[in-house]
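Participant: Mind looking at a prediction? Sequence and model below.
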Amino acid sequence: MKPTRIQDILDVFRLSYGGDGKVQRAEVVDASQVAHISGPSKPILPWHTYAGQKLPAETLEQVKEVRAMVRAFDPKFRKWPPLDDAKAVLLEGGSDLAKCYMFTDTPAFISQLVSELRADAMQVKASMEAESDPAVKTSLRVEYMKRMAFAHLMNGREGPTSAVNTYDKAFVTWGMGWALKGGLPKVLGRIYELEAAQSKDPERHYIQKLFYLCGFMYDAGRYYVVDTEQGTVWVDDLNKRWSKAAPGPGETPGQAVRVIHNTDELHFMWVQAARDDLTRATITNAQRDAFLSTTGTVPQADKIQTGALYTFIAHLQHWTGDKFDVVAWAQGPLARPRLTAPLPSEKGDAELAIQAVHRFYHMRSPNIGRNVFSQVRDYWKQMTGEDAQVEALSEFRPVYPVMTNGPVKSVPEGHLSATIDAAGKVIYDLGPLEDFGRGPPPPPNPAAGIIIIPPTIPEPVGEDPAAEDLAKEEARRASERTGWARLFDWF
C-alpha cells in the first residue's frame, strides 16, 4: 500500500481502548492492505505493554508495516551539515552521522502557513479595534502581538510546524525547535488536549492513533518507542531526568532517544501530520499554543504597542530560553539613554528596541559564539523591515547604529566589542560599556593576560523597591546562567 494521506493508514486499523484511555489492542480491518496478514484478521496486542521485553512477532510486524506505509510520505530530507562537518553532533551514548538531517518545508507550504497565521492574528486585531473596554482592548492587543510573533517566526526565521532537525545538541526537534527533552512534551500534551476537546471518540484522535500505529507514544512525561531492529520497546521517563529513581522496564538511558533520532519514518510521520489536511490545524494550533505560553510570552507586554517589537523580544527569548523584561530594564537605573516617549506607543517601542539590545548584552557576551552578534542584527533587520511593513507602522523607526554600522579596525577602551568569526578578524564597536549596564574594564591581569568584564549589579538605594527588585532579578538571572542542566532544555 502506498498511502497519499494519513486517513489511508488510519482506515486500515482499529484500536480498542480501556477505561484508562490506553490502547488495549489493535485490529486490522482491511487485511488486503497489510502484507504480513493472511486470511481473517485477528487482534494484535498493544506494543507499549512490552517495555523492555521482546515484542510478539505479529505486533512487531504490524509496526514495521505501518512504518513502511509512512515511507511513502518521504519529504526528501537532506544531510545537514555535510558529514565532514558533522562532528559537533551529540547524541546520548554516541551518534550516527548518517542520520543527521535538517528538513524545512517548501516555500509554498510556508507561504500558506504564514498567510493563515497572519489572518488569524488580524482577526484578533479587528476585535481589538472594535472593543470599547480599555482592559479588554489591552488584552486583545497583547494576544494579537503574540499571534503575529508566531506568524513572523514561521516565515523562515524558525522551523515551520513541519520542520525536523536531527543534527545538533538538541538531538531531535520538531517544528520551531521543540526538543525531545525540552519543549516537545508541551506540544504533544497540547495536541492530545485539542484532540480530546474535538471528540470523545478515541478513533477520531487521528494524531495519537497515527503515532501509536507507527510505534511512538508520549504519555505523562514518558516516551515509548518501538525498536524494530531489536524487536523491543524503549522508554524515556522525563520525570526521572534529574532524580536518582531506579529505572523501570525498558528505561535504558539514551536508547529511546537514539531510536527516535535514527528512525526516519518517525520524522516523516511528524512532517506529514503537520502537512495533512486531516491533522494540520491541530498541529499548528498546538505548536502556536506552546509558543504563546512559554517563550512567546513577553513580560509587561501591555506596555508594548507593536507586533514588530514584540516579535523581536519573543525571538530573543525563544533563542535563549530566557525571559527579557525590557520595560523593567528601560525604566531601571542602568538604562542608557533614558526613555522619553510614553508607553505604550510606536515611538516608545522604538526606544525600547534599543534597550532590548542593551538588556540582551548586559548578561551575555556578543562573542559567545560566532553567530551571536550577526544573528541579533538579523533579528533587528527583520523587525525594522518586514515586520514594520506588515503592520504599516508610521512612527516605529528605531535608529541604532550598532545594529547597522559596518566593522571597525579597533574598538576604544571602555567600549563593548563583537566579533563575527572565530579568528576575531572582523570586529564591531557596540558602544560604551555603560550602555549595557557594564562597569569600566578592570586592569589587566599580568599573569593571565585576560580582561574580564562582569556585569554591574546596582546596589539598592535607600528604600527604592524598584532598584532593589532589579538587583535581585539580575542576581537571580546571573545564577541561572550556570550549570549544565540547561543543555537539554533547548527550544
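Facilitator: Good, I have the coordinates.
Participant: May I have stretch 112-129 as PDB, with CA atoms only?
Facilitator: Coordinates of each C-alpha in stretch 112-129 appear next as PDB, following Å, rounded to 0.1, in the frame of the first residue of the first chain:
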ATOM      1  CA  GLN A 112       0.300  29.200   3.100                       C
ATOM      2  CA  LEU A 113       1.000  28.600   6.800                       C
ATOM      3  CA  VAL A 114       2.200  32.200   7.400                       C
ATOM      4  CA  SER A 115      -0.800  33.600   5.400                       C
ATOM      5  CA  GLU A 116      -3.200  31.600   7.600                       C
ATOM      6  CA  LEU A 117      -1.500  32.600  10.800                       C
ATOM      7  CA  ARG A 118      -1.400  36.300   9.900                       C
ATOM      8  CA  ALA A 119      -5.100  36.200   9.000                       C
ATOM      9  CA  ASP A 120      -5.700  34.700  12.400                       C
ATOM     10  CA  ALA A 121      -3.800  37.500  14.100                       C
ATOM     11  CA  MET A 122      -5.600  40.100  12.100                       C
ATOM     12  CA  GLN A 123      -8.900  38.800  13.300                       C
ATOM     13  CA  VAL A 124      -7.800  39.400  16.800                       C
ATOM     14  CA  LYS A 125      -6.700  42.900  15.900                       C
ATOM     15  CA  ALA A 126     -10.100  43.600  14.400                       C
ATOM     16  CA  SER A 127     -11.800  42.500  17.600                       C
ATOM     17  CA  MET A 128      -9.300  44.800  19.500                       C
ATOM     18  CA  GLU A 129     -10.200  47.800  17.300                       C
END
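Participant: Buried residues in it, which are they?
Facilitator: 113-114, 117-118, 120-121, 124-125, 128 (16 or more other C-beta atoms under 10 Å). All C-beta spots, glycine's among them, are computed from the backbone N, C-alpha and C.
Participant: For it, give me every contacting residue.
Facilitator: Applying C-beta atoms under 8 Å, 6 or more residues apart in numbering, the contact partners of stretch 112-129 are 137, 140-141, 143-144, 147-148, 150-151, 154-155, 160-161, 284, 288, 307, 390.
Participant: And for stretch 336-354?
Facilitator: Contacts of stretch 336-354 (C-beta under 8 Å, 6+ apart): 141, 302-306, 308-309, 312, 326-327, 330-331, 355, 358, 380, 383, 393-400, 432, 434-435.
Participant: I'd guessed Arg5 sits against Thr279; true?
Facilitator: No - judged on C-beta atoms under 8 Å, Arg5 makes no contact with Thr279 at a distance of 9.7 Å.
Participant: between the two, which one's more packed in?
Facilitator: Neighbours were counted for Arg5 and for Thr279 using other C-beta atoms under 10 Å; Thr279 has more, 21 against 15.
Participant: Contacts only, for the closest residue to Thr104 other than its chain neighbours.
Facilitator: Spatially, and ignoring its direct neighbours in sequence, Thr104 is nearest to Ala163 (4.8 Å; C-beta to C-beta, 6 or more residues apart in numbering). Contacts for Ala163 (C-beta under 8 Å, 6+ apart) come out as 102-105, 173-176.
Participant: Could you measure from Ala163 over to Gly414?
Facilitator: Distance, Ala163 to Gly414, using C-beta to C-beta, to the nearest Å: 43 Å.
Participant: Identify the residue nearest Trp270 in space, chain neighbours excluded?
Facilitator: Trp174 (5.0 Å).
Participant: And for Tyr50?
Facilitator: That would be Val233: by C-beta to C-beta, 6+ apart, it lies 5.0 Å from Tyr50.
Participant: Could you give the number of residues near the one you found?
Facilitator: 28.
Participant: That one should be in a strand, yeah?
Facilitator: Yes - counting by DSSP: H, G, I helix; E, B strand; the rest coil, Val233 is found in a strand.
Participant: quick one on the thing from earlier: might you specify the subset of the buried residues of stretch 112-129 located within strands?
Facilitator: Assigned to strands by DSSP state E, none of those qualify.
Participant: Out of those, flag the one nearest to Asp201.
Facilitator: Asp120 (27.1 Å; C-beta to C-beta).
Participant: Check the closest one and give its pLDDT.
Facilitator: Listed pLDDT for Asp120 reads 96.
Participant: neighbours around Trp174, how many?
Facilitator: Trp174: 27 surrounding residues under other C-beta under 10 Å.
Participant: got a list of what it touches?
Facilitator: Contacts of Trp174 (C-beta under 8 Å, 6+ apart): 163-164, 184, 187, 270.
Participant: So which of those residues sit within helices?
Facilitator: 184, 187, 270 (DSSP state H).
Participant: Buried only: go through those for me.
Facilitator: 184, 187, 270.
Participant: Same list (the residues you listed) but as TSV, adding pLDDT and distance to Met69.
Facilitator: TSV is the format used below for those (pLDDT from 0 to 100; distance: C-beta to C-beta, whole Å):
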residue	pLDDT	distance to Met69
Leu184	95	24
Val187	97	24
Trp270	95	15
